[in-house]
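Structure for the following, please:
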Amino acid sequence: MITRTTHLLRNDPSRVIAKPYLPGEEVANDTTITRAGLLLARIAALSEEEVAVILEQTREQFGARHRNLDSLLERHFELVEHLAGGAVLSRARRLLIGAYFTNEYSVEGAALFNPSIVPAPDQTGVRPGTRKFIMSLRAVGEGHISSIEFRTGVIDAASRITFDALGTTLVTGDRAPPPSYDKHQFAAKVIELGGASALTQAVLDRLPEFFTLAELEASLSVLEHAGPHAVSFETVNLLRALATSNYVTTFPPDSVLSERVIFPAGPHETRGMEDARFVLFTEDDGRTTYYATYTAFDGFEILPQLIQTDDFVTFRITTLNGPAAQNKGMALFPRRIRGRYVMLSRRDRENLHLATSMNVRHWSDVVELHRPSRPWELLQIGNCGSPIETDAGWLVITHGVGPMRRYVLGALLLDLEDPRRVVGCLREPLLAPEGAEREGYVPNVVYSCGIMKNGDDIVLPYGQSDAAVGIATISIPELVARLTPPSAG
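All right, here's what the predicted structure looks like:
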């Protein structure tokens with residue numbers, strides 16, 4: 001029924017990005033000069049000849065590791081340009097300052113795990129019976145910061161997988177605010193975050209139904225001019241944090257997908273973007289897009305978020321709203337059912353729930369779907385990504401947590417027309433950690449964020465103890481035959 005392949009993806013510490021480095025702003029000496037200020041003063045004391053030599057050495061050491069290094073250093077200089085006091089600087093000195101305020105970050109330095117897989121949007125040039133795929137991965141680096149990476153390849157009719165060669169330099173993309181914000185959805189999320197107040201309402205009342213970031217800033221400036229009240233400060237921070245949690249990331253079109261890293265950019269993502277569950281979604285009129293739910297984490301609280309893309313070049317990131325979108329592990333069905341979006345969730349952190357909505361970014365209608373009942377899942381149960389549609393019903397791969405916090409995979413079958421009805425359950429684990437799969441950063445775990453249907457097979461990429469990624473294939477007919485009614489046995 002299930003076959004492990006020989007594929008094994010491991011983290012590669014040499015895959016690095018260049019990110020801004022801002023030294024701590026603590027006072028560095030008795031003259032109240034900050035560390036950043038001291039650094040700029042030291043660079044200012046260098047002669048132009050010294051600047052040229054150090055810059056050329058930097059280019060030699062790092063130029064091949066990063067795309068358009070000079071442009072990157074210029075952008076990082078612009079982040080600290082205000083500290084230079086308006087001094088007129090040569091281009092070389094600007095670039096060198098940028099280099100001192102840059103550091104390499106190994107996005108896979110700690111681990112690579114928790115994949116999902118979808119058909120690629122462009123299927124041109126493939127052989128008959130073969131399909132291109134895109135696999136997302138959770139990459140973890142220094143400080144346990146999670147980002148989203150990708151791999152590509154092809155699957156043939158026998159579900160044999162071939163991965164494409166990796167790109168040579170990683171890029172993080174350019175970030176911009178969305179074209180507009182929906183005031184109704186924005187206000188609803190403010191309330192969920194505990195920010196409802198007369199001051200908040202005053203800011204929102206000055207905005208149109210669809211507003212831009214500039215219009216929000218203009219409305220906030222009125223509030224800031226009202227006086228330095230503590231509650232005003234808190235309100236401004238919350239509204240700005242929520243606005244900047246919604247953004248668009250665009251990558252160079254000439255980069256290959258395995259070079260693109262969606263690195264945390266929003267204020268709620270400072271500790272990472274966890275467990276993206278990608279799905280190819282088909283609208284009733286046949287149009288398609290890709291969605292992915294993921295968990296934003298700032299070190300203290302989580303925030304469920306949504307990614308949307310048509311081409312894996314431009315990604316729109318937005319918050320998920322509503323009482324049904326309050327926890328980890330949400331997974332969108334690949335199409336509407338009776339005109340409504342449908343989402344698997346784990347609202348209470350222990351049981352599977354099913355949410356429905358007319359708006360893919362707002363979820364309020366939710367019902368309990370399934371409680372843990374087997375020894376291997378008694379601690380909690382969750383999904384392993386979006387369901388796949390079969391003639392027998394919606395097939396859901398689940399994860400269950402049992403004794404010694406051991407994670408295994410199981411399966412459920414939901415009614416096609418009414419997915420609130422569980423029509424089949426797997427009585428024994430589908431996949432459990434074995435041998436070397438048990439060893440890793442978090443031992444005794446197998447976990448997936450998304451599967452792909454390939455003929456009569458399921459392609460299941462899965463994380464191994466938060467350390468590596470394996471791939472298995474599952475016969476759909478054989479799995480369905482093993483599923484029994486929930487009331488049986």
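
can you give me the offset of stretch 311-327 from its chain's centre?
Taking CA atoms, centre = their mean, to the nearest Å, one finds stretch 311-327 lying 9 Å from the centre of the chain it belongs to.

do the same with stretch 89-109
26 Å.

go on, stretch 137-147?
11 Å.

can I get the CA coordinates of it in CSV?
This file holds the C-alpha atoms of stretch 137-147, laid out as CSV (Å, rounded to 0.1, in the frame of the first residue of the first chain):
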residue,chain,number,x,y,z
LEU,A,137,10.0,23.0,2.2
ARG,A,138,10.4,24.5,5.6
ALA,A,139,14.1,25.6,6.0
VAL,A,140,15.4,26.4,9.4
GLY,A,141,18.6,28.4,10.1
GLU,A,142,20.4,30.2,13.0
GLY,A,143,18.0,31.2,15.8
HIS,A,144,15.5,28.6,14.6
ILE,A,145,14.1,31.0,12.0
SER,A,146,11.9,29.2,9.4
SER,A,147,11.6,30.3,5.8
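
Buried ones in it, by neighbour count?
Buried residues in stretch 137-147, counted by 16 or more other CB atoms under 10 Å: L137, R138, A139, V140, G141, I145, S146, S147. For glycine as for every other residue, the C-beta is placed from the backbone atoms N, C-alpha and C.

Isn't the third one up against S106?
The reference is to A139. No. Judged on CB atoms under 8 Å, A139 makes no contact with S106 at a distance of 9.1 Å.

For the helix or strand of the chain with the lowest mean pLDDT, which helices and strands make contact with it?
Ranked by mean pLDDT, DSSP states H and E, the weakest helix or strand in the chain is helix 230-244, scoring a mean of 83. Secondary-structure packing of helix 230-244 (3 or more CB pairs under 8 Å, 6 or more residues apart in numbering; DSSP states H and E): helix 183-192, helix 198-205, helix 213-224.

try 6 Å
Using 3 or more CB pairs under 6 Å, 6 or more residues apart in numbering; DSSP states H and E, the elements in contact with helix 230-244 are helix 213-224.

contacting residues around the helix it packs on?
Helix 213-224 is contacted from outside by P177, V203, R206, L207, S232, V236, A243, using CB atoms under 6 Å, 6 or more residues apart in numbering.

Quick one: mean pLDDT for that helix?
Here helix 213-224 scores 87 as its mean pLDDT.

circling back: ok, so of the buried residues of stretch 137-147, who is nearest V401?
Among the buried residues of stretch 137-147, R138 lies closest to V401 (CB to CB), at 18.2 Å.

and that closest one, bridged to which residues?
Taking DSSP bridges as the rule, R138 bridges to F113, I148.

Can you tell me how far it is from K132?
Going from R138 to K132 by CB to CB, to the nearest Å gives 22 Å.

Quick one: neighbours of Y247, just the number.
Residues within reach of Y247, counting by other CB atoms under 10 Å, total 17.

Just list the residues touching it, thanks.
With CB under 6 Å, 6+ apart, Y247 has these contacts: R175, P177, I317.

give me phi/psi at the last one?
The phi and psi torsions at I317 (degrees, to the nearest 10) take the values phi -110, psi 130.

swap in the second one?
Main-chain torsions, P177, degrees, to the nearest 10: phi -70, psi 160.

could you measure it against A243, distance?
For P177 relative to A243 (CB to CB), the value is 7 Å.

about what we covered before: what's the closest of the buried residues of stretch 137-147 to R346?
Closest approach between the buried residues of stretch 137-147 and R346, by CB to CB: R138, at 17.6 Å.

List the residues that contact that closest one.
F113, N114, S146, D275.

Highest neighbour count among those?
F113 leads those on contacts (other CB under 10 Å) with 32 neighbours.

Check which helix or strand the nearest residue to M330 once chain neighbours are set aside maps to.
Among residues not flanking M330 along the chain, T293 sits closest, at 4.3 Å (CB to CB, 6 or more residues apart in numbering). Element membership of T293 [criterion: DSSP states H and E] is strand 288-297.

Let me know the next secondary structure element after that strand.
Next along from strand 288-297, by DSSP H and E: strand 302-309.

other SSEs contacting that next one?
Using 3+ CB pairs under 6 Å, 6+ apart, strand 302-309 sits against strand 288-297, strand 314-319.

what about 8 Å?
Using 3+ CB pairs under 8 Å, 6+ apart, strand 302-309 sits against strand 272-282, strand 288-297, strand 314-319.

Direction included, what does the last one pair up with?
Looking back up the chat, that one is strand 314-319. Strand pairing (DSSP bridges) places strand 314-319 next to strand 247-250 (antiparallel), strand 302-309 (antiparallel).

sorry, back to before: what about burial for the contacts of helix 213-224, which qualify?
Buried members of the contacts of helix 213-224, counted by 16+ other CB under 10 Å: V203, L207, S232, V236, A243.

Count the residues that sit near G286.
For G286, the neighbour count with other CB under 10 Å is 6.

Check the spacing between it and E78 real quick.
From G286 to E78 the distance is 44 Å (CB to CB).

shaky segments in this protein?
Applying pLDDT under 70 to the chain flags residues 24-32, 224-231, 488-489.

Any idea what L303 is bridged to?
Beta bridges link L303 to A296, judged by DSSP bridges.

ok now do it, which residues does it touch?
Contacts for L303 (CB atoms under 8 Å, 6 or more residues apart in numbering) come out as S245, H268, T295, A296, F297, T319.

can you redo the buried ones among the contacts of helix 213-224 as CSV with distance to D182?
Formatted as CSV, these follow (distance: CB to CB, whole Å):
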residue, distance to D182
V203, 15
L207, 11
S232, 24
V236, 20
A243, 12
